[in-house]
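J.: dropping a prediction and its sequence here:
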Amino acid sequence: MIDEEIANKKLCEQSKQKAGNTYISKEIKKVTVKNVDYLDKYFNEL
């Protein structure tokens, strides 16, 4: 699960670098925030 989180962060960073488009960056941030919220809930339940 933690490896997956690190991979997601790397992918998001790469996407932000490639995407000069602000809209795409905002959408990536929304998805990332959702993933982080989910992971927080998941780890709190453990």
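T.: Now that the structure is in, tell me what you want to look at. Numbers count the residues shown, from 1 in each chain.

J.: let's see stretch 5-14 as CSV, backbone CA atoms only.
T.: Only the C-alpha atoms of stretch 5-14 are listed here, as CSV (Å, rounded to 0.1, in the frame of the first residue of the first chain):
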residue,chain,number,x,y,z
GLU,A,5,1.3,5.7,-2.6
ILE,A,6,4.9,6.6,-3.5
ALA,A,7,4.3,5.5,-7.1
ASN,A,8,1.2,7.7,-7.3
LYS,A,9,3.2,10.7,-6.0
LYS,A,10,5.9,10.1,-8.6
LEU,A,11,3.3,9.8,-11.3
CYS,A,12,1.5,13.0,-10.2
GLU,A,13,4.8,14.9,-10.1
GLN,A,14,5.7,13.7,-13.6
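
J.: and the contacts of it?
T.: Residues from elsewhere that reach stretch 5-14, judged by Cβ atoms under 8 Å, 6 or more residues apart in numbering: I28, T32, N35, L39. (Each C-beta comes from the backbone N, C-alpha and C, glycine too.)

J.: present these as a markdown table; the columns should include pLDDT.
T.: Formatted as a markdown table, these follow (pLDDT from 0 to 100):
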| residue | pLDDT |
| --- | --- |
| I28 | 78 |
| T32 | 84 |
| N35 | 84 |
| L39 | 79 |
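
J.: only the buried subset of these, as a ChimeraX command please.
T.: Of the contacts of stretch 5-14, the buried ones can be selected in ChimeraX as follows, counting by 16 or more other Cβ atoms under 10 Å:
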select :28,32
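
J.: quick one: which of the contacts of stretch 5-14 is nearest I2?
T.: L39 (9.0 Å; Cβ to Cβ).
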